[in-house]
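1. Just need the structure, nothing else, for what follows:
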Amino acid sequence: MGVEIERRYLAAPSVLAECGNGGRTIVQGYLQSGVGGNTRIRVEGDRATLTRKGPKTGCCRQEVEMAIPLGRAFQLLAALPQEMLIHKTRYTVPVGGFHWEVDVFAGKHRGLIIGEVELAHAAQTFPLPHWAVREITDDRRFGNSSLALAPRIPVAA
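-> Residues are numbered from 1 along each chain as shown. As a prediction, this is how the structure comes out:
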């Protein structure tokens, strides 16, 4: 089991100019979500994963991920309410030696853009890009598992 250490930010649409054409389409859904963590199915291109994430402590949480057959992932996603699936395109944007993942949401969260950076340790410093509008690391409303359950979140929230 590994530890995920990441900081997350609402991103301004100006980041799109830095995203280029290398986006990866992601569809994901949650088999379980709650205070104790969540279990996610994700299809990204021709790769499918099952991920268990523990509860967050600041910007850290336990995470275990395993590859699963693509057909099985589609079966599991099809069994979930379709309005609860997350659809997004992920871009990698380099900033000051760090690789930010920028998620551009579609569907009911169209217009929402979130940038996140993974860190080696919780106290690691990093350059904040000009398009990072507001930190949302601790704002549960913007966690993907919360977005799956929520009606559209206003971008300015």
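2. residue boundaries of the helices in the protein?
-> 16-19, 70-79, 144-149 (DSSP state H).
3. To residue 59, which of these lies closest?
-> Comparing the helices of the chain against residue 59 with CB to CB, the closest turns out to be helix 144-149 (15.4 Å). (Each C-beta comes from the backbone N, C-alpha and C, glycine too.)
4. sorry, back to before: so which of the helices of the chain is the most surrounded?
-> Mean neighbour count, computed with mean count of other CB atoms under 10 Å, is highest for helix 144-149 among the helices of the chain, reaching a mean of 19.
5. how many other residues sit next to the residue nearest to residue 124 when sequence neighbours are not counted?
-> If the residues on either side of it in the chain are set aside, residue 124 comes closest to residue 5, at 7.8 Å by CB to CB, 6 or more residues apart in numbering. As a burial measure, residue 5 scores 18 neighbours (other CB atoms under 10 Å).
6. I'd like the distance between residue 5 and residue 140.
-> 18 Å (CB to CB, to the nearest Å).
7. and the gap between the residue located most distally from the centre of the chain and residue 46?
-> Within the chain, residue 71 marks the point farthest from the mean C-alpha position, 22.2 Å out by CA atoms, centre = their mean. When distance is defined by CB to CB, residue 71 is 11 Å away from residue 46.
8. Kindly report the same for residue 148.
-> The value you get for residue 148 to residue 46, if CB to CB is used, is 23 Å.
9. ok, of the helices of the chain, where does mean pLDDT dip lowest?
-> Mean pLDDT per stretch puts helix 144-149 lowest among these, at a mean of 92.
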